[in-house]
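Novice: When you get a sec, could you give me coordinates for this:
(one chain, ligands or ions: 1)
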Amino acid sequence: MERQQAPRSREETPDPHLSQDLEDPHAQIARVMASPEMQRLGRETEAEELRLGTALSGMYRPQAERWARALREADTTVLSRICPGKHGHYGRICVLDAGHERDGNPHWGKNKAGRPVAWLGSAPDDD
Ligand SMILES: [Zn+2]
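Specialist: Got it, this is the predicted structure:
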């Protein structure tokens, strides 16, 4: 009869998750973000943000024109009412009025290539 081995204690058993837990959190995030699945999700998200941005551009044209005019004229009254949502890292700035997210609307503006883009997020800036 084969002798059964007693289960090893947790301290004796190498736990691959434990070693990852001890890894530098920045290294963990970098490893996950570099994974093929995250890269694929990033491309899909960007494509959807551009698709939605284009679909909403007719509806938000007055806000885009107001924002551009306020920038040209340095109209701080108008600019102070603009949503603080921007993703500087991606070159985006939301041109809608502050507080629009409370009604379930995405941020909307143009990306650094000048294409309309819509996105979700609560952080005022993510860079
Ligand atoms: Zn916004």
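
Novice: So for stretch 47-61, what gets flagged as buried?
Specialist: Within stretch 47-61, the residues that qualify as buried by neighbour count (16 or more other C-beta atoms under 10 Å) are 49-50, 52-53, 56-57, 60. For glycine as for every other residue, the C-beta is placed from the backbone atoms N, C-alpha and C.

Novice: In this protein, what residue spans correspond to helices?
Specialist: Using DSSP state H, the helices of the chain run over residues 16-21, 25-33, 36-56, 61-73, 76-81.

Novice: For those, give me TSV that also has distance to residue 95 and mean pLDDT.
Specialist: Rendered in TSV, the data for the helices of the chain read as follows (distance: least, C-beta to C-beta, whole Å; pLDDT from 0 to 100):
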stretch	distance to residue 95	mean pLDDT
helix 16-21	41	57
helix 25-33	29	89
helix 36-56	11	94
helix 61-73	4	94
helix 76-81	10	90
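
Novice: got these as a markdown table, with distance to residue 94 columns?
Specialist: A markdown table is the format used below for these (distance: least, C-beta to C-beta, whole Å):
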| stretch | distance to residue 94 |
| --- | --- |
| helix 16-21 | 36 |
| helix 25-33 | 24 |
| helix 36-56 | 11 |
| helix 61-73 | 9 |
| helix 76-81 | 12 |
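
Novice: Return the closest of the buried residues of stretch 47-61 with respect to the ion.
Specialist: Minimum separation from the ion among those (C-beta to the ion) is found for residue 60, which lies at 10.4 Å.

Novice: per-residue pLDDT, the closest one?
Specialist: Among the per-residue scores, residue 60 shows a pLDDT of 95.

Novice: what's it in contact with, if anything?
Specialist: Residue 60 sits next to 95-96, 108, 116 when contact means C-beta atoms under 8 Å, 6 or more residues apart in numbering.

Novice: pretty sure residue 108 is touching residue 50, no?
Specialist: No: contact criterion C-beta atoms under 8 Å: residue 108 and residue 50 do not qualify, at 11.7 Å.
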